[in-house]
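A.B. asks: I need the structure of the sequence given here:
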Amino acid sequence: HCAAGTAYIPALADFIPMVRGTSSMALAGRHLVKAATGEDVSEEEMGGSAVHTKVSGVADLEVADDAECLATVRRYLSFFPSNNRDAVPVQACSDPVDRRCEELYDIVPTRARRAYDMREVLKVLVDDGDVFEMKPDWARNVITAFARVGGQPVGIVASQPKVLGGTLDVNSADKAARFVWLCDAFG
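C.D. replies: Numbers count the residues shown, from 1 in each chain. Model prediction:
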């Protein structure tokens with residue numbers, strides 16, 4: 001739980017996973033809210049994982065428990081060098097970069113006015129269909145994700161036609177810009 005000044009610290013980090021039912025960030029604790037307004041609220045209502053992954057966009061991912069959180073952090077870090085001056089870590093890959101992606105014919109409609117799921121397109125394009133999405137539940141009209149192509153880590157920004165026709169709004173522009181800055185900082 002982070003309240004008051006300590007709640008600013010995670011918001012300045014590059015990656016914020018939150019454990020459902022455990023993690024919370026708020027500028028005031030529930031006891032202060034009770035004293036000031038008389039309202040009884042839970043830590044989750046004040047600023048739990050659902051609030052920050054779906055409403056505010058401050059957190060990147062909601063995970064079920066501490067073990068999943070640690071695994072998620074390890075996976076996230078696998079896309080990055082040890083520091084911003086090192087080269088990105090390339091992994092061996094058995095998925096050929098020159099393969100044909102015939103599945104795209106079934107996913108992307110021929111009619112321009114038909115929506116499709118860009119997540120399905122990304123799974124076809126990247127190594128072994130492995131996509132690590134950032135902020136998947138916030139500003140859903142834009143997808144920001146890490147993946148690998150030919151073993152090389154890549155950052156992906158893609159419009160999601162299934163949500164608001166993939167148009168940009170303030171939140172999706174903020175989401176995309178922050179992601180691009182993160183990718184740029186680490187090559």
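
A.B. asks: which residues touch the longest helix along the chain?
C.D. replies: Of all segments of type helix in the chain, defined using DSSP state H, the longest is helix 170-185. Contact partners of helix 170-185, identified using Cβ atoms under 8 Å, 6 or more residues apart in numbering, comprise 14, 57, 84, 134-135, 138-139, 141-142, 144, 155, 157, 168. (Each C-beta comes from the backbone N, C-alpha and C, glycine too.)

A.B. asks: For the chain, give me the ranges with low pLDDT.
C.D. replies: Low-confidence segments of the chain (pLDDT under 70): none present.

A.B. asks: In contact with the nearest residue to residue 65 once chain neighbours are set aside, which residues are there?
C.D. replies: Among residues not flanking residue 65 along the chain, residue 19 sits closest, at 6.2 Å (Cβ to Cβ, 6 or more residues apart in numbering). When the contact criterion is Cβ under 8 Å, 6+ apart, the partners of residue 19 are 49, 62-66, 68-69.

A.B. asks: Give the bridge partners for residue 19, please.
C.D. replies: Residue 19 has these beta-bridge partners by DSSP bridges: residue 63.

A.B. asks: who's in contact with the residue nearest to the spatial centre of the chain?
C.D. replies: For the chain, the residue sitting closest to the mean C-alpha position, by Cα atoms, centre = their mean, is residue 134 at 1.1 Å. By Cβ under 8 Å, 6+ apart, residue 134 lies in contact with 15, 60-61, 144-146, 179.

A.B. asks: Which of those residues fall in strands?
C.D. replies: Secondary-structure check on these using DSSP state E: residues within strands are 61, 144-146.

A.B. asks: how close does the residue nearest to the centre of the chain sit to residue 59?
C.D. replies: Applying Cβ to Cβ, to the nearest Å, the value for residue 134 to residue 59 is 10 Å.

A.B. asks: Considering the ones in strands among the contacts of residue 134, which possesses the most neighbours?
C.D. replies: Looking at those with neighbours defined as other Cβ atoms under 10 Å, the largest count falls to residue 144 at 24 neighbours.

A.B. asks: Wait, that one touches residue 157, no?
C.D. replies: Yes - distance between residue 144 and residue 157: 5.6 Å, which falls inside the contact criterion (Cβ atoms under 8 Å).

A.B. asks: what about the strands in this protein?
C.D. replies: Read by DSSP E, the chain holds these strands, from start to end of the chain: 2-3, 17-19, 25-26, 61-63, 132-134, 142-149, 152-159.
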